[in-house]
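S.K.: Next comes the sequence, and after it the predicted model I'd like to discuss.
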Amino acid sequence: MSSAPDATALPVDPASAAALATHNLRLGLVDTADAAAFTAWLRADHRGFHLAEAGDEVITASLAGLAYRRTTGVWDESARDAASPVATVNSWPADMTVPGGLSVRAWAISSVTVAPTHRRKGIARALLEAELRTAASLGLPLATLTVSESTIYGRFGFAPAAFANELTINTRRAAWTGPTSPGRLHFISTADFRAELPALHDRIRATGVGQLDAWGLRWDGLAGIVTEDKERAKSLRAIRYDDADGTLRGLALYRVSGGEPDYSAHTLTVEYLASDTDDAYAALWRYLLEVDLVSTVKAYDRPVDEPLVWQVADMRAVKQAPYDHLWTRILDVPAALTARDYAAPLETVIEVADDLGFTAGRYAVSVVDGAASVERTDAPADVALRINELSALYLGGVSAAALAAAGRITEVRPGVIAAIDLAFREARAPWLSFWF
C-alpha cells in the first residue's frame, strides 16, 4: 500500500466528469490550500447537512484540520453563486480494524451532499461511482462510510456492517448490580479529556473491530473546543478512570440538562465513553447512572451488545434503539478477505454479483488456522450473493443465516451458510464509536 499514488493528486474520474457535463455541470477537485475555494466548499457542505452557517472559528479550524483530504465538488457555472459547489464529497485512506486485531486500509467517504436545487441530475451517482473508481485505482480493498440517508448507498454495493445503539435509561429502575472497580475516578477539564482521548482511542482501536483512526478536528468538536454550539460546550463535564496503578483506562464526556419543573429529574446525556478494561467500563457507567438529581440517562452511538444491560437490576430500564452505522463496500474480494482472521475453517466457492463490475465472479475461499486464501475460480458455486451481502458479512457482525432467510443469499450446497457464519462471526459485535 505504501507505493500507492497520492490520493489528492489523482485527477477527477473521467467517466463521472463526462456524465455530469451532459447536464452542464463540472466535476472538480478543490485545492485545499486555496482558502477562498475551500471555504466555499465547506459552507456548501454545512448547508447540505442543514447545519448553521459556520463562523470564522469553525472555518479556520476546518481549513487546517481537513486539508489532507481529497476534496471534490460539482459546480454549475450558470448558477447565481457559481463559486459555490452544488454538491460535495471528501475522502481519505483510513485504517480500519478487522477481525484478528488486524488493520486494513479503507477508503473513507464523507460529506456527500447534493443541493436541493440540483436533484435528479445523477450527481450523487456520479460522485459515488467516482469515489469507488478512485479507491480501486489506489489499490484499496474496500470503501466505507457512515450514512445520514440509508436508502442511497445500497445501489452502489454498500451494506451496513456495524450497527450502533441509542440508549434511554430510567435511573430510578436501573440500580447498579455490576462489579465494584478497584481504581479511581477523577474530574478533569474538557481540554484534558481532548488531550488524553487520542491515545486511549488508539489502544481501543487496536482490537476493536470496526473502529477507524480518527483525526484531530473530530476530537476538537466532540470536546467543544471547536464548535458553533457554545452552550453545549459550556455544559460538558469530563471524568477519567485510573486503574489501581494510576494508569488511565477510561474517559467519559457528558452533560446534564432539563430539571424543570422537577429539579430531581434532570437528563444526563453521555456524549462519549471510551474504556480499554472491563473495570474502567463498569466504573464509568456506574458513575453516570448514580449522578444525583438525574432521572434519565441518554447515550448514542453505543455498541449493540452493550454489557451495561447485564449490570443493572432491571434491564427493561434500558431502552435500546439500534440503527445501521458503519457501511462497507468491498472493491477487491481476495485482498479484503485475506486481510482479516477467521474463527473456524472454511472451504467454499462463492459467486459474487456486482452491478458496478468491481468484484463480479466466483472465488474459491480456503480458511486454515484462521487465515484465508482467496482466488478466482471456474468451479461451481456453493453460495451466491451480491457484493452488498459479502460487504455486510465482512466485519463479522451480520449473520449469513439471517441474510439467507431474508432471501439475500442463496445456498447452493447445504451447510455452507452455517460454515460461513462459524468462520466469519465475531465474539463481540463490531462497533465504530463516532460518525465521519
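M.R.: Cool, got the structure. If you're wondering where the values come from, they're calculated on a predicted model, not measured in any experiment. Numbering: from 1, shown residues only.
S.K.: Now residue 203. Nearest residue, chain neighbours left out?
M.R.: residue 276 (5.0 Å; C-beta to C-beta, 6 or more residues apart in numbering). Using the backbone N, CA and C atoms, a C-beta is placed for each residue, glycine as well.
S.K.: Helices of the stretch 251-400 of the chain, start to end?
M.R.: With DSSP state H, counting those that start in this stretch as the criterion, the stretch 251-400 of the chain has helices at 278-289, 333-338, 387-393, 400-405.
S.K.: just so I know, which of these lies nearest residue 7?
M.R.: Nearest to residue 7 among the helices of the stretch 251-400 of the chain is helix 333-338 (17.1 Å), distances taken as C-beta to C-beta.
S.K.: Which elements pack onto that closest one?
M.R.: strand 361-368, strand 371-376 (3 or more C-beta pairs under 8 Å, 6 or more residues apart in numbering; DSSP states H and E).
S.K.: quick revisit: which of the helices of the stretch 251-400 of the chain is buried the deepest?
M.R.: Most buried of the helices of the stretch 251-400 of the chain, by mean neighbour count (mean count of other C-beta atoms under 10 Å): helix 387-393, with a mean of 26.
S.K.: any idea of the mean pLDDT for that helix?
M.R.: The average pLDDT for helix 387-393 rounds to 98.
S.K.: Then stretch 357-373?
M.R.: What stretch 357-373 shows for mean pLDDT is 98.
S.K.: Could you number the chain from 806 rather than 1 from now on?
M.R.: Yes, from this point I'll number from 806; that puts the last item at stretch 1162-1178.
S.K.: Convert the C-alpha atoms of that stretch to PDB, please.
M.R.: Taking Å, rounded to 0.1, in the frame of the first residue of the first chain, the C-alpha atoms of stretch 1162-1178 are listed here in PDB:
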ATOM      1  CA  GLY A1162     -18.300  -4.600 -12.100                       C
ATOM      2  CA  PHE A1163     -15.500  -4.300  -9.500                       C
ATOM      3  CA  THR A1164     -15.800  -7.800  -8.000                       C
ATOM      4  CA  ALA A1165     -18.200  -9.900 -10.100                       C
ATOM      5  CA  GLY A1166     -17.100 -13.600 -10.400                       C
ATOM      6  CA  ARG A1167     -16.500 -16.800  -8.500                       C
ATOM      7  CA  TYR A1168     -13.900 -17.100  -5.700                       C
ATOM      8  CA  ALA A1169     -12.500 -20.200  -4.000                       C
ATOM      9  CA  VAL A1170     -12.100 -19.400  -0.300                       C
ATOM     10  CA  SER A1171     -10.000 -21.600   1.900                       C
ATOM     11  CA  VAL A1172      -9.500 -20.800   5.600                       C
ATOM     12  CA  VAL A1173      -6.900 -22.700   7.500                       C
ATOM     13  CA  ASP A1174      -5.600 -21.800  11.000                       C
ATOM     14  CA  GLY A1175      -7.600 -18.600  10.900                       C
ATOM     15  CA  ALA A1176      -6.000 -17.300   7.700                       C
ATOM     16  CA  ALA A1177      -7.800 -17.200   4.300                       C
ATOM     17  CA  SER A1178      -6.500 -17.700   0.800                       C
END
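S.K.: List the buried residues in it.
M.R.: 1163, 1164, 1167, 1168, 1169, 1170, 1172, 1177 (16 or more other C-beta atoms under 10 Å).
S.K.: mind giving me TSV with those and columns for distance to residue 1069?
M.R.: Putting these into TSV (distance: C-beta to C-beta, whole Å) gives the following:
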residue	distance to residue 1069
1163	57
1164	57
1167	64
1168	60
1169	64
1170	58
1172	56
1177	56
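S.K.: quick one: which of those is nearest to residue 1005?
M.R.: Once C-beta to C-beta is applied, the member of these that ends up nearest residue 1005 is residue 1177, at 31.3 Å.
S.K.: list the contacts for that closest one?
M.R.: 1142, 1143, 1145, 1147, 1151, 1170, 1171 (C-beta atoms under 8 Å, 6 or more residues apart in numbering).
S.K.: Could you list the low-pLDDT ranges of the stretch 806-955 of the chain?
M.R.: Within the stretch 806-955 of the chain, the segments meeting pLDDT under 70 span 806-809.
S.K.: Need the pLDDT of residue 1091.
M.R.: pLDDT at residue 1091 comes out at 98.
S.K.: show me the contacts for it.
M.R.: 981, 983, 986, 1116.
S.K.: Where does the third one fall, secondary structure wise?
M.R.: Assignment of secondary structure by DSSP states H and E places residue 986 within no helix or strand.
S.K.: And it, what's its pLDDT?
M.R.: So residue 986 comes in at 98 (pLDDT).
S.K.: Distance-wise, check it relative to residue 1088.
M.R.: 4 Å (C-beta to C-beta, to the nearest Å).
S.K.: Give the residues shared as contacts by these two.
M.R.: Contact with both residue 986 and residue 1088 is made by residues residue 1046, according to C-beta under 8 Å, 6+ apart.
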